[in-house]
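**Q** curious how this folds, go ahead:
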Amino acid sequence: MINILDKQDCCGCSACIQVCPKQCITMLEDKEGFLYPQVNTYDCIDCHLCEKVCPVLHSGKPRKPLNVYAAKNKDEKIRLQSSSGGVFSSLAEAIINAGGVVFGAKFDEEWKVVHGYTETKDGIADFRGSKYVQSWMGDNFSKVKYFLDNGRKVLFSGTPCQVAGLKRFLRKPYENLLTVDFICHGVPSPKVWRMYLKELLENHSVSSNPMSKKSVSIENISFRDKRLGWKKFSCVFMLSISDENGEKKTISLSEMFSENTYMKGFLENLYLRPACHHCPVKCLSSGSDITIADFWGMDKVLCDKDDDLGYSVMLLNNVNASFKLIAKLDITEIGYEDILRYNSPLEKSAVPDINRNYFFINLDNKSLSLLIPHALRRRHLLKLIYRIRNKIKTLIDSVGK
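**A** Predicted coordinates for the structure are as follows:
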């Protein structure tokens, strides 16, 4: 049975709970806000299926892509709504046109990130755009299998570990399945995300009159708004505010990604899942058919095509990945090294922030608006102390000689 002794050994893909024939495994949230499998040993029949489908226990082999492309969607409207070049939307639309089903990550009614599926073109919009939170998988692996077994084409998109988990769960190849992952920096804590949204709403619920409360709700969230350009993308929160007289107004909160508190902590690896620091699916080892990502460094590799509206990179990993799917893409072949030079998470795991433990120890006692900046400042101080200490040690050693 699955028994997680070290939390870095679980990526949270949920393949184990979905394959269990006795349904005796549940995913429980730990104090950091990440889900881990817990087995009801009384009902367990020791079939070991949970172990057989685990992508951490059975990691794939590192690969190199067959082809690498810079790509953008030919529909500029969709490209503008996408995080980078709009490649996912083009692939998803091709599957829908073929009568298929598309799975991806979306926001639910409470702005939690969950996996779901759509059978319509309109539904693709929910999966468009980056969501910097680990998604809740639910029973979507089982749903993928249901559609595949009924002869439907399926596109499944997710993190590399989620794709690897799905592949292990299915236990056999399907010609009607297209798997798409992305170059992953790591997944932040859903608990931190919930707390961030709670503080955001609370900060805008009190009017200038302390005795008066406003009703505030979120209308839309975009982690990667391009109104200032792709290289300077912004985090935008659309809020609906109703006062005590029932009057409503909508406000837009926009911050450069480098200034947004939540994004700062994410980019500095302050609250990533422990497994992300020892990722078992780097180097395209997830088994995905296609890997997509932002084309960082495009202004240096293909400067003549860089219009600052977003380009994707697309790595074709499977010889069976159909080129018909990319008919609506503007593509240019490039080299693997051009991608790796500016996108190291393709092969390297994120290094944990020196204050990660400090952050989670204080998570329930301080507001994020104070804790995240303080933890990041504390990191700079600790690094300075370590440098001074090492210089003093080197000086003492040299004098001793």
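
**Q** from here on, just use CA atoms for contacts and neighbour counts.
**A** OK.

**Q** can I get stretch 337-353 in CSV, CA atoms only?
**A** As requested, the backbone C-alpha atoms of stretch 337-353 are provided in CSV (Å, rounded to 0.1, in the frame of the first residue of the first chain):
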residue,chain,number,x,y,z
GLU,A,337,19.3,24.3,-26.6
ASP,A,338,17.5,27.5,-27.5
ILE,A,339,14.7,26.5,-25.1
LEU,A,340,16.8,25.0,-22.3
ARG,A,341,19.1,28.1,-22.2
TYR,A,342,16.2,30.3,-21.0
ASN,A,343,13.9,27.6,-19.4
SER,A,344,16.0,25.6,-17.0
PRO,A,345,12.9,24.0,-15.2
LEU,A,346,12.8,21.8,-18.2
GLU,A,347,15.6,19.8,-16.7
LYS,A,348,16.2,21.2,-13.2
SER,A,349,14.0,21.1,-10.0
ALA,A,350,13.3,24.3,-8.1
VAL,A,351,15.6,25.0,-5.2
PRO,A,352,13.6,25.6,-2.0
ASP,A,353,13.8,29.0,-0.5
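
**Q** buried residues of the lengthiest strand in the chain, list them for me.
**A** Across the chain, the strand with the greatest residue count (assigned by DSSP state E) is strand 215-225. By neighbour count on 16 or more other CA atoms under 10 Å, the buried set for strand 215-225 is 215-218, 221-225.

**Q** between the residues you listed, which sits nearest Ile372?
**A** Closest to Ile372 out of the buried residues of strand 215-225 is Phe223 (18.1 Å), distances taken as CA to CA.

**Q** that closest one contacts Met238, doesn't it?
**A** No - contact criterion CA atoms under 8 Å: Phe223 and Met238 do not qualify, at 11.5 Å.

**Q** closest to Ile2 among the buried residues of strand 215-225?
**A** Sorting these by distance to Ile2 puts Phe223 at the head of the list, at 34.8 Å, by CA to CA.

**Q** let me see the ranges of the strands in this structure.
**A** Chain-ordered strands for the chain, with DSSP E as the definition, fall at 25-29, 35-39, 67-73, 101-107, 113-118, 154-157, 177-182, 215-225, 234-242, 248-256, 290-294, 312-316, 329-333.

**Q** which one of those lies closest to Arg379?
**A** Using CA to CA as the measure, strand 248-256 is the one of the strands of the chain that comes nearest Arg379, at 22.1 Å.

**Q** alpha carbons only: can I get that closest one in PDB?
**A** As requested, C-alpha coordinates have been extracted for strand 248-256 and formatted as PDB (Å, rounded to 0.1, in the frame of the first residue of the first chain):
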ATOM      1  CA  LYS A 248     -22.700  47.700  -7.400                       C
ATOM      2  CA  LYS A 249     -19.500  48.600  -9.100                       C
ATOM      3  CA  THR A 250     -16.600  46.700 -10.600                       C
ATOM      4  CA  ILE A 251     -13.000  47.500  -9.900                       C
ATOM      5  CA  SER A 252      -9.900  46.100 -11.500                       C
ATOM      6  CA  LEU A 253      -6.800  45.400  -9.300                       C
ATOM      7  CA  SER A 254      -3.700  45.100 -11.500                       C
ATOM      8  CA  GLU A 255      -0.100  44.600 -10.400                       C
ATOM      9  CA  MET A 256       3.000  43.700 -12.300                       C
END
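
**Q** what does stretch 54-68 contact?
**A** Surrounding stretch 54-68, the residues in contact under the criterion CA atoms under 8 Å, 6 or more residues apart in numbering are 9-11, 15-16, 51-52, 161, 164-165, 168, 280-287, 313-319, 333-336.
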